[in-house]
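>>> Give the three-dimensional model of this entry:
(one chain, ligands or ions: 1)
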Amino acid sequence: MGKFVLGVIVTLLVIVLGALGFGMLGFFPTRANLAPPHLESRIAMGAVDASMERHAPHLTNPVTPTDPNLEDGMKLYTMNCALCHGGLDRKPASLGNSFYPPAPNLVTDPPDDPEWHVFYTIRTGVRYTGMPAWDKTLSPQDMWKIASLLSHLEKLPPAVQEYWKTNFGVEAPAGADKDDKEKEEHEHQ
Ligand code: HEC
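Numbers count the residues shown, from 1 in each chain. As a prediction, the model looks like this:
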């Protein structure tokens, strides 16, 4: 039994020292201008999601998605997030693909996670990536406004869609409902 335990300890030590040596001898890659391999992305994303599920409080968004709150969300997003996640004018983010892993475009591909999940991502950031924690920069109220915008991106009320078009020069993203309505309108013509 004693020999077995010793064997386990020695094996673990070899693994730890091996990993340390691997790093100290310069074998860990540091480049950020490469796309992560598929398998690495899958495993890392799974681990990030599982950790969020475990750690993020399941809060209800205290900010109601009124027109002014959604418009505030658009301003806050543009000032703080568009650089990495893509503008509301649909121009690609200048820095989006300069991170390892890359920053997803949140306008063309909005997150389908619950708002408490998006809020937690914004508030605490994502370690080992370019995603900053915003809790030192934005108030909880402002972070909820952005979470609200991102969750309602494809179902914005008409006045907010109008605001979007006036300020960003392109149509607001169309959700399934709007597509149906447009189809109906075509059929009636
Ligand atoms: C300096 C660049 C940068 C800025 C600025 C930035 N992010 Fe990120 N963000 C990233 C990167 C890189 C990732 C990818 C992290 C990952 O793959 O886990 C990310 C991931 C995210 C995700 C998770 C997306 C998903 O697929 O689940 C959300 C949500 C998010 N950011 C929201 C925001 C919001 C809202 C802001 C503005 C308040 C913001 N980010 C500002 C770089 C940035």
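>>> For the protein, which segments count as helices?
Assigned by DSSP state H, the chain shows helices spanning 2-24, 38-55, 67-80, 82-85, 115-124, 140-152, 158-168, 176-188.
>>> mind checking which of these is nearest residue 100?
Closest approach to residue 100 among those is made by helix 38-55 (9.9 Å; CB to CB). To be clear about C-beta, it is placed using only N, CA and C from the backbone, and glycine gets the same treatment.
>>> Which residues belonging to the closest one are considered buried?
Buried residues in helix 38-55, defined by neighbour count with 16 or more other CB atoms under 10 Å: 48, 52.
>>> how about it against the ligand, any contact?
Yes. Applying CB under 6 Å from any ligand atom, one finds helix 38-55 in contact with the ligand at residue 48.
>>> Run the angle between that helix and helix 115-124 for me.
Helix 38-55 and helix 115-124 are oriented at 100 degrees to each other (axes from the mean of the first three to the mean of the last three CA atoms, to 10 degrees).
>>> which other residues reach helix 38-55?
Counting by CB atoms under 8 Å, 6 or more residues apart in numbering, helix 38-55 makes contact with 36, 101, 113, 117, 120-121, 126, all of which sit outside it.
>>> The same query, at a cut-off of 10 Å, please.
35-37, 100-102, 113, 116-118, 120-121, 124, 126-129, 131 (CB atoms under 10 Å, 6 or more residues apart in numbering).
>>> Quick check on those: which are buried?
Buried residues within those, counting neighbours by 16+ other CB under 10 Å: 100-102, 113, 116-118, 120-121, 124, 126, 131.
>>> Would you check which pair of those residues lies furthest apart?
100 and 116 (27.2 Å).
>>> Which positions in the chain make contact with the ligand?
Within the chain, the residues that sit near the ligand (CB under 6 Å from any ligand atom) are 48, 80-81, 83-85, 95, 99, 101, 103-104, 106, 111, 118, 121-122, 126, 129-132, 134, 146.
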